[in-house]
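Participant: here you go, sequence then predicted model.
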Amino acid sequence: MEEAAPQKKQQSNVVNLGLYKIKKTLREEGFEVVEKPNGKITLVIRVAKEKQS
């Protein structure tokens, strides 16, 4: 019997379309989407500063 050669894990270029649309919409609504290397997503709200006269 032949043993299957160990396969290398390759970096995937496949994009989850649902996640892409969610991130795009959040950016349009004023959120900054930060994706960490472990795959977790953090949302940062950007609030406009009031100008002092």
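Facilitator: Alright, I've got the coordinates.
Participant: ranges for the strands of this structure?
Facilitator: Secondary structure of the chain, counting by DSSP state E: strands at 31-35, 41-45.
Participant: winner for burial among these?
Facilitator: Ranked by mean neighbour count under mean count of other CB atoms under 10 Å, the strands of the chain are led by strand 31-35, which reaches a mean of 12. Using the backbone N, CA and C atoms, a C-beta is placed for each residue, glycine as well.
Participant: that one vs strand 41-45, what angle?
Facilitator: On the basis of axes from the mean of the first three to the mean of the last three CA atoms, to 10 degrees, strand 31-35 is oriented at 160 degrees to strand 41-45.
Participant: those helices in the protein, which residues are they?
Facilitator: 17-28 (DSSP state H).
Participant: picking up where we left off before, can you tell me which of the strands of the chain the model trusts least?
Facilitator: Within the strands of the chain, confidence is poorest for strand 41-45, with a mean of 79 (mean pLDDT).
Participant: what lies in contact with that one?
Facilitator: Applying CB atoms under 8 Å, 6 or more residues apart in numbering, the contact partners of strand 41-45 are 23, 26, 30-36.
Participant: closest one to Asn13 out of those residues, please.
Facilitator: Nearest to Asn13, judged by CB to CB, of the contacts of strand 41-45 is Glu35 at 15.1 Å.
Participant: ok, and the closest non-adjacent residue to that closest one?
Facilitator: Residue nearest to Glu35 in three dimensions, not counting chain neighbours: Ile41, with 5.3 Å by CB to CB, 6 or more residues apart in numbering.
Participant: returning to what we had before: dump the strands of the chain to JSON lines, plus distance to Val14.
Facilitator: Below are the strands of the chain laid out as JSON lines (distance: least, CB to CB, whole Å):
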{"stretch": "strand 31-35", "distance to Val14": "15"}
{"stretch": "strand 41-45", "distance to Val14": "17"}
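Participant: tell me which of those strands sits nearest to Val15.
Facilitator: Closest of the strands of the chain to Val15 is strand 31-35, at 11.9 Å (criterion: CB to CB).
Participant: run through who's touching the closest one.
Facilitator: If you take CB under 8 Å, 6+ apart as the criterion, strand 31-35 is touched by 23, 26-27, 41-46.
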